[in-house]
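Enquirer: pasted the sequence and its predicted model underneath.
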Amino acid sequence: MIPLDDARDRILAALRPVAAETVALAEGWGRVLARPVVARLTQPPADVSAMDGYAVRAAEAVAGASLAVIGAAPAGHPFAGRVGPGEAVRIFTGGIVPAGADGILLQEDAEAAAGRVTVREAVRPGGWIRPQGLDFTAGAVLLPAGRQLTARDIGLAAAANHPWLAVHRRPVIGILATGDEIALPGEPIPAGGIVSSNAHALAALIRAGGGQPMVLPIAGDDRGAIAAGAAVRGCDLLVTTGGASVGEHDLIQAALGEEGFALDFWKIAMRPGKPLIWGRLGAVPVLGMPGNPVAALVCGVQFLLPALAVMSGLPAAPPPTTTVRAGAALAANDRRFDHLRATLHRDSAGRQVATPFPQQDSSMLANLARAQALILRPVLAPALPEGAEVPAILLGEHGI
Ligand SMILES: Nc1nc2c(c(=O)[nH]1)N[C@H]1C(S)=C(S)[C@@H](COP(=O)(O)OP(=O)(O)OC[C@H]3O[C@@H](n4cnc5c(N)ncnc54)[C@H](O)[C@@H]3O)O[C@H]1N2
Ligand code: MOO
């Protein structure tokens, strides 16, 4: 059994970002830039007014001065002339400051009558003017490659005149659920069988991680069926579930081995998720997850989400953790890094408290769905009293 962090390192080291594609700006949110966004223009394009008022020559716009209003400069309609001595131009927010003017007299600080304006408050040179290029200048790198685009980034790219963006395409993740006992939701369930939840839960997790799931037909506990299912084309990574353990019906390695599967590791010091398989079938990396649904989801959080990040062009990193208080005393841990499903609440001091469910069986989906956090119990972690600080993965932060 290899340590959890080593397993993740080995998985992430074997992965590369997928190729770039061009998407419309509106589709760019959450995607990872494959090429930088460079400003295609200067913003603002010229000196513009930050306020509604009058463009004036600051030196003469002293309290009590009276100026002739010779024209107007609304946003988008520059004034073609020049502001000469004793003159002002009516201007509006975003309007280009006319030649000759070097300050804005606020409307509130002015009195207009009969084609003239009287200054009530003196104007500073440069006052209320946004200089050309205040925001950015043409040619500036505004967003680097590798950046996951926020709503703010989309606004910036739009302002920099980019209708299209080069982003990494969504990694396509094949999901092959295996087992004679499982059926798709809504389909006839074999005697003693259950409904397959893993493929659907993992597909949703893959979407949350920015990937594109490709749910494959269920393969029975049969080498040929598993090999045929795994031979799928067009996925960047294949996830299998079930058949990862030691029983004679646990056939993933045997079935894929006949197809030339190159195993990197099998079994990690982790609970749930011990029988994880990692290797490569031809060019396709394969993550063989255990069948137990909680094990599959925890492996999804610990390995598949970080893998999706790397394949999407983001840095290799473990899932982010937060320090919370234990809502119950925790027993000493053994040699498997443990993930206790827990609910969250805030104590009277506003601190987050994670309370583990009393039963932690890796088949219990109802508890998993109610869980808001996974309390992390490292290998050989000592027993801790209620209230102790512990690391946790907050599931809501992952959108799963
Ligand atoms: N003798 C041993 N037995 C087991 C060991 C071990 O070390 N020695 N490891 C246990 C651990 S830990 C796990 S986890 C499971 C993993 O087993 P497999 O990956 O081989 O999974 P299966 O046996 O196929 O299924 C386990 C369990 O999960 C259910 N299942 C399977 N697929 C789905 C699905 N798509 N949706 C929902 N549930 C699914 C299946 O019915 C079984 O109940 O092995 C232990 N055994
Ligand atoms: O992965 Mo198994 O679910 O550790 O129990």
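Expert: Sure thing, it's come through. Ligands and ions are numbered 1, 2, ... in the order given.

Enquirer: please, which helix or strand holds Ala392?
Expert: In the assignment (DSSP states H and E), Ala392 maps to strand 389-394.

Enquirer: hmm, who's touching that strand?
Expert: 301, 319-326, 330, 339, 342, 344, 354, 372-377, 384 (CB atoms under 8 Å, 6 or more residues apart in numbering). Bear in mind the C-beta positions are built from the backbone N, C-alpha and C, glycine included.

Enquirer: and that strand, what's buried?
Expert: Val390, Pro391, Ala392, Ile393, Leu394 (16 or more other CB atoms under 10 Å).

Enquirer: pick the one among these closest to Gly282.
Expert: Using CB to CB, Ile393 comes nearest to Gly282 of the buried residues of strand 389-394, at 32.8 Å.

Enquirer: for ligand 1, see how far away the closest one is.
Expert: Distance, Ile393 to ligand 1, by CB to the nearest ligand atom, to the nearest Å: 19 Å.

Enquirer: list the beta-bridge partners for that residue.
Expert: Leu374 (DSSP bridges).

Enquirer: how about Ser348, what does it touch?
Expert: Applying CB under 8 Å, 6+ apart, no residues qualify as near Ser348.

Enquirer: for the stretch 201-350 of the chain, which segments are assigned as helices?
Expert: 223-230, 252-257, 293-299, 305-311 (DSSP state H, counting those that start in this stretch).

Enquirer: would you mind finding the most buried of the ones you listed?
Expert: helix 293-299 (a mean of 26; mean count of other CB atoms under 10 Å).

Enquirer: against which helices or strands is that one packed?
Expert: helix 198-208, strand 284-289, helix 365-370 (3 or more CB pairs under 8 Å, 6 or more residues apart in numbering; DSSP states H and E).

Enquirer: tabulate the ones you listed (JSON lines), appending distance to Asp102, mean pLDDT and mean neighbour count.
Expert: What follows is these, written out as JSON lines (distance: least, CB to CB, whole Å; pLDDT from 0 to 100; neighbours: other CB atoms under 10 Å):
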{"stretch": "helix 198-208", "distance to Asp102": "53", "mean pLDDT": "97", "mean neighbour count": "20"}
{"stretch": "strand 284-289", "distance to Asp102": "63", "mean pLDDT": "97", "mean neighbour count": "24"}
{"stretch": "helix 365-370", "distance to Asp102": "64", "mean pLDDT": "97", "mean neighbour count": "14"}
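
Enquirer: for ligand 1, which of the ones you listed is the nearest?
Expert: When the helices and strands packed on helix 293-299 are compared by CB to the nearest ligand atom, helix 198-208 sits nearest ligand 1, at 3.4 Å.

Enquirer: wait, does the closest one contact ligand 1?
Expert: Yes: counting by CB under 6 Å from any ligand atom, ligand 1 has neighbours in helix 198-208: Asn198, Ala199.

Enquirer: ok, stretch 293-304 next?
Expert: Yes: using CB under 6 Å from any ligand atom, we find that stretch 293-304 touches ligand 1 at Pro293, Ala295.

Enquirer: could you identify the most distant pair in the buried residues of strand 389-394?
Expert: Spanning the widest gap among the buried residues of strand 389-394 are Val390 and Leu394, at 12.5 Å by CB to CB.

Enquirer: and the residue lying farthest from the centre of the chain, what are its phi and psi?
Expert: Within the chain, the residue lying farthest from the chain centre (CA atoms, centre = their mean) is Ala114, at 57.8 Å. Ala114 has phi and psi values of phi 50, psi 50 when expressed as degrees, to the nearest 10.

Enquirer: now do the domain split for this protein, please.
Expert: 4-17+170-311, 20-42+137-168, 48-130, 322-398 (automatic domain parsing).

Enquirer: looking at those domains, which is buried most?
Expert: Of the domains of the chain, the one with the most neighbours on average (mean count of other CB under 10 Å) is domain 4-17+170-311, at a mean of 20.

Enquirer: and that domain, how far apart are its ends?
Expert: 20 Å (CA to CA, to the nearest Å).

Enquirer: go on, stretch 249-263?
Expert: Stretch 249-263: ends 19 Å apart by CA to CA.

Enquirer: how about stretch 180-196?
Expert: 11 Å.

Enquirer: same check on stretch 70-78?
Expert: In stretch 70-78, first residue to last residue: 13 Å (CA to CA).

Enquirer: which residues sit against that stretch?
Expert: Stretch 70-78 has contacts (CB under 8 Å, 6+ apart) with 46, 48-49, 55, 79, 81, 83-84, 87-98.

Enquirer: give me the element Gly64 is part of.
Expert: Using DSSP H and E, no helix or strand contains Gly64.

Enquirer: can you tell me the closest non-neighbouring residue to it?
Expert: Using CB to CB, 6 or more residues apart in numbering and skipping the chain neighbours, the partner closest in space to Gly64 is Val119 (6.6 Å).
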